[in-house]
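A.B. asks: Structure for the following, please:
(chains A and B)
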There are 2 protein chains.
Amino acid sequence: MKAGVLFSGGKDSSLAAVLLSRDYTVELNTFVFDSGRRLPAVEKAAMALGFPWHVRTFEEGLLEKAVTMIQSSGYPNDAIQMVHRCALTELSGMYHVLADGTRFDDRVPMLSRDEVQSLQDARQCSYIRPLLGFPRREINSLASRHLRIVCGETSNLENGDYEAEIRDEFRARGEDAGKYFPAFHEQSLVIGTISIHG
Amino acid sequence: MKAGVLFSGGKDSSLAAVLLSRDYTVELNTFVFDSGRRLPAVEKAAMALGFPWHVRTFEEGLLEKAVTMIQSSGYPNDAIQMVHRCALTELSGMYHVLADGTRFDDRVPMLSRDEVQSLQDARQCSYIRPLLGFPRREINSLASRHLRIVCGETSNLENGDYEAEIRDEFRARGEDAGKYFPAFHEQSLVIGTISIHG
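C.D. replies: A predicted model of the protein is given here:
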């Protein structure tokens, strides 16, 4: 059975893909707002994992909607959540099984129980979060056994997280994204694998 | 790394053990109230899975406490939850990594986010729920690919679920357990494997 995994190139979505690949035929999917956006680092991460990788483009206007939400609330959470829901909904049109790297202690993006149920019922799909039941310590331990990872801040580490493109849009508008996003938000990027099959 | 899995012989805890065994050295653990209780069906399930199996006995008096809670509330939920917490706490004295077959849509036993955090902090352990991020449909599909399972009701299927021993205690007291437990509670028992390593 094929599973479409939402993939940023970071530790969590990469580990989710690796774990899922023992039971499903994994395909990686990275969503961008701008179809012209290049993601060389994410592409390298996908190649390191060895799974097929697809870049998908959100519908027109979603970036503007996200920026407006952030400006209006002063925080990025609701916008990131909304964008993530859109990615899952889009993906459910392409796969019967969707997955992402959501962890138990993530606050955003995180679908509620009702949202999960409603996504699955409305779109006739299964939504799997392979890391949901793992505490952070075990995720780090598993990641270090399977993946070679570099860490850094969103501002200097280019992965396929929605945040990077939203930050760029603020910059293009001459606005400082720093006032909306947390000062230090550690990101990770996979640069190689140690052993896909543990 | 060794992981101690709470094991009833049923579908969920068996599948959790199988999934976890790709990354951990799994040991199965079944808790009983009465150290003299025999669990031949659970032992067979453990042998079919091929992981070491340990029978652990709860501290004196826990069965009485559970029965009293059920009589007082009229429902088994709080008691099952309490007993499951005791099993996890006991297990955390033996393993640094604990696991069980809790699913996302389970109501009981289910530790809250705070209980999970507090268990892990207080006992310096990791508590993994490998199935938490899988919807029921995928669990059934994975189980059917890895396990040979029989299904039935608690009243006629003997697995290592706490419920069976609590029901027996009611019976021994001349009381009908049926008035406390749901009329039809489907249980499962693993009788073989199809392929441990998917």
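
A.B. asks: for chain A, longest helix please?
C.D. replies: If you go by DSSP state H, chain A has its longest helix at helix A:77-91.

A.B. asks: and the next helix or strand after that one, which strands flank it?
C.D. replies: Moving toward the C-terminus from helix A:77-91, the next helix or strand (DSSP states H and E) is strand A:97-99. With DSSP bridges as the test, strand A:97-99 is paired with strand A:2-6 (parallel), strand A:126-128 (parallel).

A.B. asks: now those strands in a markdown table, with mean neighbour count, distance to A:Ala172 and mean pLDDT?
C.D. replies: Quick note: C-beta positions are derived from backbone N, CA and C, even for glycine. Shown next, in a markdown table, are the strands paired with strand A:97-99 (neighbours: other Cβ atoms under 10 Å in any protein chain shown; distance: least, Cβ to Cβ, whole Å; pLDDT from 0 to 100):
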| stretch | mean neighbour count | distance to A:Ala172 | mean pLDDT |
| --- | --- | --- | --- |
| strand A:2-6 | 23 | 25 | 98 |
| strand A:126-128 | 23 | 33 | 98 |
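
A.B. asks: Could you dump these into CSV with distance to B:Glu138 added?
C.D. replies: Converted to CSV, the strands paired with strand A:97-99 look like this (distance: least, Cβ to Cβ, whole Å):
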stretch, distance to B:Glu138
strand A:2-6, 9
strand A:126-128, 5
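
A.B. asks: So which bits of the helix-or-strand element of chain A with minimal mean pLDDT are buried?
C.D. replies: Every helix and strand in chain A was compared by mean pLDDT, DSSP states H and E; the lowest is strand A:147-153, with a mean of 88. By neighbour count on 16 or more other Cβ atoms under 10 Å in any protein chain shown, the buried set for strand A:147-153 is A:147, A:149.

A.B. asks: Spell out whether it and chain B are in contact.
C.D. replies: No - using Cβ under 8 Å from any Cβ of the partner chain, we find that strand A:147-153 stays clear of chain B, coming within 12.9 Å at best.

A.B. asks: just checking, what packs against that strand?
C.D. replies: In terms of contacts (3 or more Cβ pairs under 8 Å, 6 or more residues apart in numbering or on different chains; DSSP states H and E), strand A:147-153 is packed against helix A:11-20, strand A:186-193.

A.B. asks: List the neighbouring strands of it plus their orientation.
C.D. replies: For strand A:147-153, pairing defined by DSSP bridges yields strand A:186-193 (antiparallel).

A.B. asks: relative to helix A:11-20, how tilted is the partner strand?
C.D. replies: 40 degrees (axes from the mean of the first three to the mean of the last three Cα atoms, to 10 degrees).

A.B. asks: okay, and for chain A, where does confidence drop off?
C.D. replies: Within chain A, the ranges that satisfy pLDDT under 70 run A:153-156, A:195-198.

A.B. asks: go with 50
C.D. replies: A:196-198 (pLDDT under 50).

A.B. asks: need the residues of it near chain B, please.
C.D. replies: Checking chain A against chain B by Cβ under 8 Å from any Cβ, the hits are A:1, A:19, A:22-23, A:97, A:102, A:104, A:113, A:116, A:120, A:126-135, A:137-138, A:141-142, A:145, A:198.

A.B. asks: Looking at these, which are in strands?
C.D. replies: With strands defined by DSSP state E, the entries of those inside them are A:97, A:126-128.

A.B. asks: Distance to B:Phe58 and mean neighbour count added to the helices and strands packed on strand A:147-153, as JSON lines?
C.D. replies: Below are the helices and strands packed on strand A:147-153 laid out as JSON lines (distance: least, Cβ to Cβ, whole Å; neighbours: other Cβ atoms under 10 Å in any protein chain shown):
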{"stretch": "helix A:11-20", "distance to B:Phe58": "33", "mean neighbour count": "26"}
{"stretch": "strand A:186-193", "distance to B:Phe58": "42", "mean neighbour count": "19"}
